[in-house]
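>>> based on what follows, work out the 3D shape:
(one chain, ligands or ions: 1)
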Amino acid sequence: HIYADSKAASTAVAREIADLIREKQKENKPCVLGLATGSSPKTVYAELVRMHREEGLSFRNVVSFNLDEYYPMEPDSIYSYHRFMKEQLFDLVDIPEGNYLLPDGTIPVSQIQEHSRAYEAKIAAAGGLDFQLLGIGGNGHVGFNEPGSLINARTRLIALDHSTRAAAAMEFGGLAQVPRKAITLGIAPILNAKRIVLLAWGERKASVIRGAVEGPVTERNPASYLQAHPNVTFVIDERAASEL
Ligand code: GLP
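Numbers count the residues shown, from 1 in each chain. Okay, the predicted model is just below:
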């Protein structure tokens, strides 16, 4: 779906998420969301917060699992995705504490494999992801599944690409400060979500979007794996669509 701008697109995505939350509320069921960080989803979260404040949208039945976290990373660091999610969404709505999870960037390396397995098990125990929100890296990464990630990749510790670290350098105040690793939900559990929406704004995403949508399914552009999903929509603005 191509929108004139990211604001119109984000409003439509927030409405879909809000409708799903309300539908699950009527059925007395939890709404299990897979959430993303980066700049792209910020406008979606802002619209959800507005709906909470002005329309009484409640998040009491929402259970959420974020895609990724830098490693190592303390949750209260200003650079952490924990902090990002609290500031953009969780602290601004009525989601119960304990209902939202992110990978833990503080555990010892020796425990990451077990932590990753347990993270996926928690998603399964919650009934699976009803809705997965995604951004896309300039190199096609989803979550932090960098190029080279396989379609059956599980949740794991991954070494970040140079281009990914370079893109984050400004935020961190220099390349040297950007962590070299992250824990990311794998491609396989992402593809297990019942519904997936990927967001992309601006010209700098145009060529990777073209590859993901019109190119071959390839580990060189992990977002292309989404072509194998039965219920996925790329919600993009005109500039990100300019090479389609
Ligand atoms: C980071 C995140 C990704 C995100 C990507 C793009 O690498 N881990 O989940 O999709 O950045 O970010 P942005 O939306 O700021 O372009």
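
>>> quick check: phi and psi on the spatially most central residue of the chain?
Centroid-nearest residue in the chain: residue 36, 2.2 Å away (criterion: CA atoms, centre = their mean). Taking degrees, to the nearest 10, you get phi -130, psi 160 for the backbone angles of residue 36.

>>> hmm, it is touching residue 67, no?
Yes. In this structure residue 36 lies within contact range of residue 67 using CB atoms under 8 Å: 5.3 Å. Just so you know, the C-beta spots here come from the backbone N, C-alpha and C atoms, and that holds for glycine as well.

>>> which neighbours do these two have in common?
Listed as contacting both residue 36 and residue 67 by CB atoms under 8 Å, 6 or more residues apart in numbering are 134, 143.

>>> residue 30 versus residue 23, what's the distance?
Distance, residue 23 to residue 30, using CB to CB, to the nearest Å: 12 Å.

>>> who has more neighbours out of those two?
Higher neighbour count among residue 23 and residue 30: residue 30, with 18 against 12, using other CB atoms under 10 Å.

>>> please name the nearest non-neighbouring residue to the more buried one.
residue 63 (4.8 Å; CB to CB, 6 or more residues apart in numbering).

>>> can you name the residues bridging to the one you found?
Judged by DSSP bridges, the bridge partners of residue 63 are residue 32.

>>> can you pull the pLDDT of it?
Looking at residue 63, its pLDDT is 98.

>>> now the one 5 residues further on
Looking at residue 68, its pLDDT reads 98.

>>> isn't it up against residue 81?
Yes. Residue 68 lies in contact with residue 81 (CB under 8 Å); the separation is 6.6 Å.

>>> still on that earlier bit, check contacts around the residue nearest to residue 30.
Shown in contact with residue 63 (CB under 8 Å, 6+ apart): 30, 31, 32, 33, 99, 100, 126.

>>> write out the residues of this protein neighbouring the ligand.
Residues of the chain lying near the ligand by CB under 6 Å from any ligand atom: 36-40, 67-68, 135-137, 143-144, 164.

>>> try 5 Å
36, 38, 39, 40, 135, 137 (CB under 5 Å from any ligand atom).

>>> separate out the buried members of the residues you listed.
Buried by 16 or more other CB atoms under 10 Å: 36, 38, 40, 135, 137, out of the residues of the chain next to the ligand.

>>> pull the contacting residues for residue 186.
Per CB under 8 Å, 6+ apart, neighbours of residue 186: 120, 143, 145, 149, 152, 153, 154, 155, 156.

>>> for the second one, which non-adjacent residue is closest in space?
It refers to residue 143. Spatial nearest neighbour of residue 143, excluding adjacent residues (CB to CB, 6+ apart): residue 67 at 3.8 Å.

>>> just checking, that neighbour touches residue 136?
No. The criterion here is CB under 8 Å, and residue 67 misses it with residue 136 at 11.7 Å.

>>> common neighbours of the two, please.
Both residue 67 and residue 136 are contacted by residue 142, under the criterion CB under 8 Å, 6+ apart.
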